[in-house]
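Engineer: Sequence and predicted structure, then a few things I'm wondering about:
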Amino acid sequence: MVHIGLTEIRSQFHDAIRKVQFGGERIVLERQGRPVAALVSLEDLELLEEIEDEYLDRLADAAEAEGGESIPWEQVRAESEALP
């Protein structure tokens, strides 16, 4: 994984996008030496979203198995997005 500072990425943006899109690289963007964001391929993003959906489905199944009060999916989704 490549780490690039935010000031550097401005001059290397097109090259970085090519590396991500065609080379499958993952690039971590840093501000003052601290990671703040990442550039990943669309395939990586789609996989991450599939994993997230599967995880949330498992949480919902586990909650349903416990019984108790039913919570609307929109509320569960909103609360899961607020998690760190």
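Structural biologist: Happy to help now that I have it.
Engineer: Now do the top helix by length along the chain: which elements does it pack against?
Structural biologist: The longest helix of the chain (DSSP state H) is helix 42-66. Using 3 or more Cβ pairs under 8 Å, 6 or more residues apart in numbering; DSSP states H and E as the contact test, the elements touching helix 42-66 are helix 73-81. Quick note: C-beta positions are derived from backbone N, CA and C, even for glycine.
Engineer: Tell me where the protein is predicted with low confidence.
Structural biologist: Scanning the chain for pLDDT under 70 picks out nothing.
Engineer: From the centroid of it, which residue is nearest?
Structural biologist: Nearest to the mean C-alpha position of the chain, counting by Cα atoms, centre = their mean, stands residue 48 at 6.0 Å.
Engineer: Excluding residues flanking it in the chain, which one is nearest that one?
Structural biologist: In this structure, residue 48 finds its nearest non-sequential neighbour in residue 40, 7.7 Å apart by Cβ to Cβ, 6 or more residues apart in numbering.
Engineer: ditto for residue 56
Structural biologist: Nearest non-adjacent residue to residue 56, counting by Cβ to Cβ, 6+ apart: residue 80, 6.0 Å away.
Engineer: just to revisit the earlier point, correct me, but the residue nearest to residue 48 touches residue 29?
Structural biologist: No - between residue 40 and residue 29 there is no contact under Cβ atoms under 8 Å: 11.1 Å.
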